[in-house]
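>>> below is the sequence, then the predicted model.
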Amino acid sequence: MTTSTTYSGPFRAGDRVQLTGPKGRMNSISLEVGATFHTHKGWIEHDDLIGLPDGSVVQNSIGIDYLALRPLLTDFVMAMPRGAAIIYPKDAAQILAQADIFPGATVVEAGVGSGALSLWLLRALGPAGFLSSFERRDEFADVARANVAAFTGAEPENWTVTVGDLTDALPTVHDDGTVDRVILDMLAPWECIEAVAAALKPGGVVLCYVATVTQLSRVTETIRRSGLFTNPDPSETMVRTWHVEGLAVRPDHRMIGHTGFLVTARRLAPGSVLPELKRRASKSEYSDDDVEAWTPGALGERGISPKSLRKRVRQASASADAALAREAENQPETDPLD
């Protein structure tokens, strides 16, 4: 993964810096020589930040203290322009763990959304790994490319984004039995299970991220009935922060509850038959009406409007252009005769 992002050392021109005020409000800026960060209560000169160590506290023009830190990847993905809903960091962390993402792996991701999971995967894969992302919509692919470039300073050489349907496009990008891991973040992942099984190496992992219980049921049963995988393992992750001040210790009133379900399974060797597990009898059949009752439309879920999506594309592209320009400025000059 090629990146110009600096993770340590003094702040320098071109670095992204997160400023946190006394009320906890955070602002992310890109440092420029001679520039000024303005608020309705004073300002901070960028030059006053350049050269300071990470984690410094600076005062603005009227004496208000601000904490200056380089934003973590978590901070970036929660604030970046979005074409589609992002995968929360709590789920991204579980995806990396449950799918066993490792340096040097070949990973397929569909769909790419706004690029949040792509950033986590690229970091875990390292420069020796390879990430193939698939997305049906051009606009979402553009937002994802721009967001990744904005964070890394360049579009990674070990990452490709293919626009198209995964079932049709996957065989044209990867030969059968050559992919280590597949992550499916889409409305109907059960439609792609056979194509995914063909691409995966024996023992490879498929992980599906779905939002509703009906999606969870359908993809789990499809994986189970295919006979190509181990028994699927469904789960969800909830994170609750705590308030701790002296002896005043209690859970915070707000928490990140349900965001999605994860379903994982491993590819069986060709010709292998999984030993049947004894399970309690339950309703395993469903109709189209059952599925329709839990679709985003039936639940009243609002999609992003074309106008808003175009705005997000412009915002993400502007951030990417700025990052690429900073990267070009920071490149050392070379002698053409060298």
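Structure's in. What do you need? Everything numeric in this text was worked out from a predicted model, so none of it was measured.

>>> mind listing the helices for the stretch 101-250 of the chain?
Counting by DSSP state H, counting those that start in this stretch, the stretch 101-250 of the chain has helices at residues 116-125, 138-152, 166-173, 193-199, 213-226.

>>> quick one: those helices as a markdown table, columns for mean neighbour count and mean pLDDT too.
Every residue, glycine included, has its C-beta placed from N, CA and C. A markdown table is the format used below for the helices of the stretch 101-250 of the chain (neighbours: other C-beta atoms under 10 Å; pLDDT from 0 to 100):
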| stretch | mean neighbour count | mean pLDDT |
| --- | --- | --- |
| helix 116-125 | 24 | 96 |
| helix 138-152 | 24 | 91 |
| helix 166-173 | 16 | 96 |
| helix 193-199 | 21 | 98 |
| helix 213-226 | 19 | 96 |
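
>>> distance check, the residue lying closest to T167 once chain neighbours are set aside against L170.
Once flanking residues are discounted, T167 sits nearest to A195: 4.6 Å by C-beta to C-beta, 6 or more residues apart in numbering. From A195 across to L170, the span is 5 Å (C-beta to C-beta, to the nearest Å).

>>> next: I193.
12 Å.

>>> please apply the same query to T230.
21 Å.

>>> how does the protein divide into domains?
Residue ranges for each domain of the chain read 16-71, 75-270+285-292, as given by automatic domain parsing.

>>> hey, which of these is tucked in deepest?
domain 75-270+285-292 (a mean of 18; mean count of other C-beta atoms under 10 Å).

>>> from the chain's centre, how far out does that domain sit?
Chain-centre distance of domain 75-270+285-292: 8 Å, with C-alpha atoms, centre = their mean, to the nearest Å.

>>> check stretch 11-20 too.
Relative to where its chain is centred, stretch 11-20 has its mean C-alpha point 22 Å off (C-alpha atoms, centre = their mean).

>>> kindly check the end-to-end length of that stretch for me.
Taking C-alpha to C-alpha, to the nearest Å, stretch 11-20 runs 16 Å from one end to the other.

>>> and what of stretch 81-93?
21 Å.

>>> could you list the low-pLDDT ranges of the stretch 51-200 of the chain?
For the stretch 51-200 of the chain, not a single residue meets the criterion pLDDT under 70.

>>> just the strands from it, written as ranges.
Secondary structure of the stretch 51-200 of the chain, counting by DSSP state E, counting those that start in this stretch: strands at 56-59, 65-69, 106-110, 130-135, 159-163, 179-184, 200-210.

>>> number of residues surrounding P275?
6 (other C-beta atoms under 10 Å).

>>> any idea which of the helices of the stretch 101-250 of the chain gets closest to E45?
helix 138-152 (23.9 Å; C-beta to C-beta).

>>> the closest one vs strand 106-110, what angle?
Interaxial angle, helix 138-152 versus strand 106-110 (axes from the mean of the first three to the mean of the last three C-alpha atoms, to 10 degrees): 130 degrees.

>>> circling back to that earlier point, now the strands of the stretch 51-200 of the chain in CSV, with distance to L309?
Converted to CSV, the strands of the stretch 51-200 of the chain look like this (distance: least, C-beta to C-beta, whole Å):
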stretch, distance to L309
strand 56-59, 37
strand 65-69, 31
strand 106-110, 19
strand 130-135, 13
strand 159-163, 15
strand 179-184, 22
strand 200-210, 21
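
>>> show me what contacts V249?
Residues in contact with V249, defined by C-beta atoms under 8 Å, 6 or more residues apart in numbering, are W242, H243.
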